[in-house]
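In: only geometry, no sequence info:
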């Protein structure tokens, strides 16, 4: 029996106070809906049905950015009127295949653990439907699980329909169920809307099955806090911190040292070697790879970078789409824009910006420099205030600097230009033509001294 997943993502999200559809609000810089879809895909379903409603086209457009393997499994359905969760599931019903298992998930519950869904499916082997429940300290707003004297479920009562005695129950319905296509086809049409909301509740399915003598199993959540749904910005922030805490714990258990896991944000994927250390307030985005013995200082932002063994990234450095080899030292306050390859022992110091450049072994640029669209040989020194003038207003041009070159402070290299091996550029020089190997190249204006010079003064106001 194959598996299909239905993800309900049609809600308006009025309490988010935003023009953005609720399910596209981000956790770890990724839409909530994407987290749910990736968890669903980890169950290896044949199809994933996404029920859209409010701003459906905007959500459908966002789904185009998913990886192709996941995107090709998606089947979209539209709930043009939001009449409740059972009504939403019915919109996907015509696209379900016969004789399949079905799991129903929610696009605003991004942290749903895969293990809970696996437990739902395992329990479905002896039940017509299984429900994921949780016992919480504050059950307000959730449907309560009503059990009979034997401890089996009788029905689910929503908050607005519950009596005071029922509201005192702390076992709640998370909304996630596993069942079969046949059950949905037979029983969804029997659900009515005689309730305080006037909606068709999927939760009524449990009571209908019990009355029909069908077995309904209850599966307890392994981590109830991870099943928190998001209806407002405060809940979104809570879910964000839950996500970050769980990821930080995973990384530390795998051997990463975090100075403070509460001040660390993972917004992508991080792999690392032995004895790596990350200080406070570091943000990881995209795919980041650290070698062995890498140190990341406080306040750094790393996006899609690879950093080699024994490298040290000093505080408040920003790096994107760059590759650093062994024992590089970067920062503090450096910026690596996309397209860089820094070979072994390269040093990029404070307030140095590098973009689309290949820098060879042992080369150093200590401070206050812009290196753009450049190829620089080994053991070259770039003095403070040096600028590669790579843009002529229409096109970018490359600067080529050889090995063992010394570039004096406050030098402008007007690309396209080449400085050959062993050359020396005097401080304050503007280079506009090729500098030969082992030559000294200097351009300076003739100095003048005017004795007894009087500065201009402002005229007194009348």
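Out: Perfect, thanks for sending it. Just so we're clear, the structure is a prediction, and the values are computed from it rather than from any experiment.
In: tell me the phi and psi of residue 135?
Out: Backbone torsions of residue 135, given as degrees, to the nearest 10, read phi -100, psi 120.
In: what's near enough to touch it?
Out: For residue 135, the contacting residues are 170-172, 220, 224, by CB atoms under 8 Å, 6 or more residues apart in numbering. C-beta coordinates here come from the backbone N, C-alpha and C atoms, glycine included.
In: pull the most distant pair out of those residues.
Out: The distance between the two most remote of the contacts of residue 135 (CB to CB) is 12.3 Å, for 170 and 220.
In: in stretch 24-38, which residues are buried?
Out: Buried residues in stretch 24-38, defined by neighbour count with 16 or more other CB atoms under 10 Å: 24-25, 27-28, 30-37.
In: which residues in the stretch 151-300 of the chain form helices?
Out: Using DSSP state H, counting those that start in this stretch, the helices of the stretch 151-300 of the chain run over 164-167, 181-187, 204-211, 233-253.
In: need the contact partners of the longest one.
Out: Contact partners of helix 233-253, identified using CB under 8 Å, 6+ apart, comprise 16-17, 25, 27-28, 32, 110-111, 225-226, 228-230, 258, 261-262, 264-266, 270, 272.
In: mind giving me the ChimeraX select for these, buried ones only?
Out: For the buried members of the contacts of helix 233-253, the matching ChimeraX selection, counting by 16+ other CB under 10 Å, is:
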select :16,25,27,28,32,110,111,226,228,229,230,258,261,264,265,266,270,272
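In: list the ones among the contacts of helix 233-253 that fall in strands.
Out: Within the contacts of helix 233-253, residues falling in strands by DSSP state E are 27, 258, 264-266, 270.
In: in terms of secondary structure, what does the worst-scoring helix or strand of the chain on mean pLDDT contact?
Out: Lowest by mean pLDDT, DSSP states H and E among the helices and strands of the chain is strand 153-157, with a mean of 91. Counting contacts by 3 or more CB pairs under 8 Å, 6 or more residues apart in numbering; DSSP states H and E, strand 153-157 is packed against strand 144-147, helix 204-211.
In: relative to residue 381, which of those is closest?
Out: Residue 381 lies closest, by CB to CB, to one member of the helices and strands packed on strand 153-157: strand 144-147, at 71.0 Å.
In: can you give me the offset of the closest one from its chain's centre?
Out: Distance of strand 144-147 from the chain centroid (CA atoms, centre = their mean, to the nearest Å) equals 37 Å.
In: do the same with stretch 5-23
Out: Chain-centre distance of stretch 5-23: 19 Å, with CA atoms, centre = their mean.
In: go on, stretch 194-214?
Out: 37 Å.
In: span of it from start to end?
Out: Chord length of stretch 194-214, first to last residue, is 23 Å (CA to CA, to the nearest Å).
In: what of stretch 326-341?
Out: 11 Å.
In: what comes into contact with it?
Out: Contact partners of stretch 326-341, identified using CB under 8 Å, 6+ apart, comprise 291, 297, 300, 305, 307-325, 342, 344-359.
In: these, buried ones only, as a ChimeraX selection?
Out: ChimeraX command restricting these to the buried ones, with burial defined by 16+ other CB under 10 Å:
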select :291,297,300,305,307,308,309,310,311,312,313,314,315,316,317,318,319,320,322,323,324,325,342,344,345,346,347,348,349,350,352,353,354,355,356,357,359
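In: which one among the ones in strands among the contacts of helix 233-253 gets closest to residue 215?
Out: The closest of the ones in strands among the contacts of helix 233-253 to residue 215 turns out to be residue 27 (CB to CB; 35.4 Å).
In: what's the spacing between the closest one and residue 138?
Out: Computed as CB to CB, to the nearest Å, the residue 27 to residue 138 distance reads 22 Å.
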